[in-house]
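Student: Predicted model follows, preceded by the sequence.
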Amino acid sequence: APSGPRITAASGGDLRLAWNHPAPGTVRHYTLHRVLPDGTRRFLGGTCQRAYFAGGLTPASGERAVRFEVRAVGELYTSSAPATVTHPW
């Protein structure tokens, strides 16, 4: 899984996420999901970089912090375990 996920910039509902490259292995790309309060995941996008900009986010009902999952996807499209990061609204 990617390591050290973090929010590097935040302004309202615009957040920039970054993470470190995972342990050995070839990474094809990374996928990002937002985890909603009920546990469901919402796909935000994919990137070949180690950073992602999520813009225009708004809190879900009763949500005090937004939670993201980042996964590394390998050459054979297998996904790593998620690395998570949380940011207060």
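Tutor: Done, it's in.
Student: where along the chain do the strands fall?
Tutor: 3-11, 14-20, 27-35, 41-47, 51-54, 65-74, 83-88 (DSSP state E).
Student: Out of the ones you listed, indicate the one that is most buried.
Tutor: strand 65-74 (a mean of 19; mean count of other Cβ atoms under 10 Å). Any C-beta I mention is one placed from the backbone N, CA and C, and that applies to glycine too.
Student: Who are the packing partners of that one?
Tutor: strand 14-20, strand 27-35, strand 41-47, strand 83-88 (3 or more Cβ pairs under 8 Å, 6 or more residues apart in numbering; DSSP states H and E).
Student: In CSV: those strands, plus distance to residue 54.
Tutor: CSV is the format used below for the helices and strands packed on strand 65-74 (distance: least, Cβ to Cβ, whole Å):
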stretch, distance to residue 54
strand 14-20, 5
strand 27-35, 7
strand 41-47, 6
strand 83-88, 10
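Student: Figure out which of those is closest to residue 65.
Tutor: Residue 65 sits nearest to strand 83-88 of all the helices and strands packed on strand 65-74, at 4.6 Å, using Cβ to Cβ.
Student: Quick one: residues in contact with that closest one.
Tutor: Strand 83-88 is contacted by residues 1-7, 10, 15, 17, 19, 35, 64-71 when judged by Cβ atoms under 8 Å, 6 or more residues apart in numbering.
Student: Please apply the same query to stretch 5-12.
Tutor: 15, 16, 17, 18, 19, 51, 68, 70, 83, 84, 85, 87.
Student: how far away is the fifth one from residue 37?
Tutor: Meaning residue 19. Distance of residue 19 to residue 37, computed by Cβ to Cβ, to the nearest Å: 23 Å.
Student: Fine, thanks again, bye for now.
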